[in-house]
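Fold the stuff below for me.
(2 chains)
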Amino acid sequence: MSWFRREDKLLPPVPDKRVRTEGLWLKCEGCRSIIWKKDLAENLNVCPRCQRHFRMSARERLAMLLDDGGYEELDAQLASTDPLAFVDLKPYAERLRQAQETTGMADALIWARGRLEGRPVGVCAMEYGFIGGSMGAVVGEKIARAAEAAAERREPLIILSASGGARMMEGAVSLMQMGKIAVALARLDDAGVPFISVLTDPTTGGVTASFAMLGDLNIAEPGALIGFAGPRVIEQTIRQKLPPGFQRSEFLLEHGMLDAIVPRKELRAWLARALAFLAAPERVPLVQWIPDRAPQGGPEPDAGRAPDRVLDARSRL
Amino acid sequence: MQDAIPPAAAVAPEIPDAEGAAWQHVLLARHAQRPNLLDWLALLVTDFAELHGDRRFGDDPAMVAGLARFRGREVLVVGQQKGREIKDKLRRNFGMAQPEGYRKAMRLMRLAEKFRRPILTFIDTNGAYPGIEAEARGQAEAIAFNLREMSRLRVPVIATVTGEGGSGGALAIAVGNRVLMMENAVYSVITPEGCAAITWRDPSMKARAATALKPTAGEMLSLGLIDEVVPEPEGGAHCAPAAAAASLSAALERHLEELGRMSGDALVQDRYERFRRMGSGFGS
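Reported below is the predicted structural model:
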């Protein structure tokens, strides 16, 4: 016996009256102010109040950096072969598939050619959203190819790093990518073609310990986490809390590890300025621009070549 | 382009047993009685004269380098020294080098290049030291610089992983024309403990991690990442160090003989090709 009886079997569903605001605003971790996402996007993902640099996707970076946001992507289809058939909590192949779905990329790096203030450049941009931007065989291969193409075409190479380091799921194959990239960069260096490394938040592990520190110039965005070991690993090793600001761009600059810290808004102009110095259209042999040793009659016909390393002891061997 | 993603069934083999063979290899590679760098040198070379310091900051006892005579040849030897007794271990930081250790190694490798002497490196480290000072002094830069500069040394370089080849800290002295591994050595991008801590958040899964990482000499050879596995006596090198050293000595001699006939250019080209092809089997 009930006192009240429900007439209808079920109440009609209440229509969703909420106004969806979720995803329109976010809180800046730097100054704790609430930012409208659109404002953030218009400001190149930099907090308009405190200038904190938020992370950007590889595609956003390329669009920001290159003339008219245009570029030609190369080897976009290159995908991991899962050389170790690696399984931890789930198969690596499954992780790859998920990352490919969420990012729309085959692996964690875009290699592209485009123009920067008119100058043709090769650019590699890492995608942190793809398994932490980790470096496996695909990332290694693309950077090696980019370095080789840069040397061949005599076009500057710019690498934008954002990575947790080597990709554990490719085991020692990923470790050897550090060697693979380093040998390719040695050739680029020999060729006298500029390479600028731009370190963004975060750049750690085998990426820092290979190509990211090997630029003719190494520059970073403000406040980026940059290091060899990750902060947690160091804390576990030394059993102490790390001081604030440790392993941030400013710390590295202070310790002589970076040429400059360049805010995102100024990056394009800064790179163009640096390339104007590094990538002279004509390179004359060393002896010709030492005034009292210059031969008469201007540059030789082979002036387009890199200067011979006449003072280098290596050439004696 | 190769098929990007093999079907899940093909990549999810059952892990046979948690305390697998790979973990036994790791334990053997770290065995307390396993010959360390100075033990190997005592058995392999004569007239060893250690050289110290990076000329920049200091001398790192975790990295040992010096002049030596190997089967009648003058060679430079470089390697990590883990230390034996606890005091020695602490002094040597358990074979985990600081940036100055890598810079010392590079300084002396360039010395060998200048005077046209082959370089033998011996790898036995958990990894480069992850500490505050190491970061402040540019651990990453020191390793990166070595990778690039080793690749263009104009003298023969043979790297042997004698114990643990721990990540970038190992590779920083292992960009060789030949890379050998002792039968019970391991080479890996991360320690099994580190891998277990990251994926399972549980270091006790280290045996499983070891299996997944495929760090043994045999697996490294079949992945095409090393050139030769040097056999050890039964039970491991610590059971019969002299026999193990004889086995390594013969292998080193054979490779030195081959590389000794190559010009500086050819050696640089050879090292380039060796590393350039690693993990490059994409078919496209």
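
now residue B:116: how far from chain A?
When CB to the nearest CB, to the nearest Å is applied, the distance between residue B:116 and chain A equals 7 Å. In short, each C-beta sits where N, CA and C put it, glycine included.

Count the residues that sit near that residue.
A count of neighbours around residue B:116, defined by other CB atoms under 10 Å in any protein chain shown, yields 13.

for residue A:273, same thing?
As a burial measure, the neighbour count of residue A:273 was computed by other CB under 10 Å and equals 11.

and if you look at residue B:117?
Close neighbours of residue B:117, defined as other CB under 10 Å, add up to 18.

I'd guessed it sits against residue B:75; true?
Yes: counting by CB atoms under 8 Å, residue B:117 does reach residue B:75; the two are 5.9 Å apart.

need the contact list for residue B:247.
When contacts are counted by CB atoms under 8 Å, 6 or more residues apart in numbering or on different chains, residue B:247 touches B:230, B:231, B:232, B:233.

And the strands in chain A?
In chain order, chain A shows strands spanning A:25-27, A:34-36, A:71-74, A:109-116, A:119-126, A:157-163, A:195-203, A:217-220, A:260-261, with DSSP state E as the criterion.

Against residue A:144, how distant is the nearest residue to residue A:210 once chain neighbours are set aside?
Excluding its sequence neighbours, the residue lying closest to residue A:210 (CB to CB, 6 or more residues apart in numbering or on different chains) is residue A:178, at 3.9 Å. Distance, residue A:178 to residue A:144, by CB to CB, to the nearest Å: 11 Å.

more neighbours, these two?
When residue A:178 and residue A:144 are compared for neighbours, residue A:178 comes out ahead with 30 against 25, by other CB under 10 Å.

now the helices for the stretch 51-200 of chain B?
Applying DSSP state H, counting those that start in this stretch to the stretch 51-200 of chain B gives helices spanning B:86-91, B:99-114, B:132-136, B:139-151, B:167-171, B:192-199.

Of these, which is nearest residue A:150?
With CB to CB as the measure, helix B:139-151 is the member of the helices of the stretch 51-200 of chain B nearest residue A:150 (15.1 Å).

right, is that closest one up against chain A?
Yes: applying CB under 8 Å from any CB of the partner chain, one finds helix B:139-151 in contact with chain A at B:139, B:140, B:141, B:143, B:144, B:145, B:147, B:148, B:149, B:151.

now do stretch B:78-91
No: using CB under 8 Å from any CB, stretch B:78-91 stays clear of chain A, coming no nearer than 14.1 Å.

Could you report the neighbour count for residue A:120?
Using other CB under 10 Å, residue A:120 is surrounded by 14 other residues.

how about the spatially closest residue to it that is not a sequence neighbour, what does it touch?
Computed as CB to CB, 6+ apart, the closest residue to residue A:120 that is not its neighbour in sequence is residue A:155, at 4.9 Å. Contacts here follow CB under 8 Å, 6+ apart; on that basis residue A:155 touches A:113, A:120, A:121, A:122, A:149, A:193.

so the first one sits right up against residue A:145, yeah?
No: look at residue A:113 against residue A:145 with CB under 8 Å: they stay out of range, at 11.4 Å.

Mutual contacts of these two, please.
Here residue A:113 and residue A:145 have residue A:74 as joint contacts, going by CB under 8 Å, 6+ apart.

host element of the residue in the stretch 151-284 of chain B that chain A sits nearest to?
Proximity of the stretch 151-284 of chain B to chain A (CB to the nearest CB) peaks at residue B:279, 3.3 Å away. Assigned by DSSP states H and E, residue B:279 belongs to neither a helix nor a strand.

my read: it touches residue A:135, true?
No: if you go by CB under 8 Å, residue B:279 and residue A:135 don't touch, sitting 10.4 Å apart.

tell me, what's touching those two both at once?
When contacts are counted by CB under 8 Å, 6+ apart, residue B:279 and residue A:135 have A:174, A:177 as shared neighbours.

and these two? which has more neighbours close in?
Each of residue B:279 and residue A:135 has its neighbours counted (other CB under 10 Å); residue A:135 has more, 32 against 25.

Residue A:177 is in contact with the more buried one, correct?
Yes: using CB under 8 Å, residue A:135 is in contact with residue A:177, at 5.5 Å.

No more questions from me, cheers.
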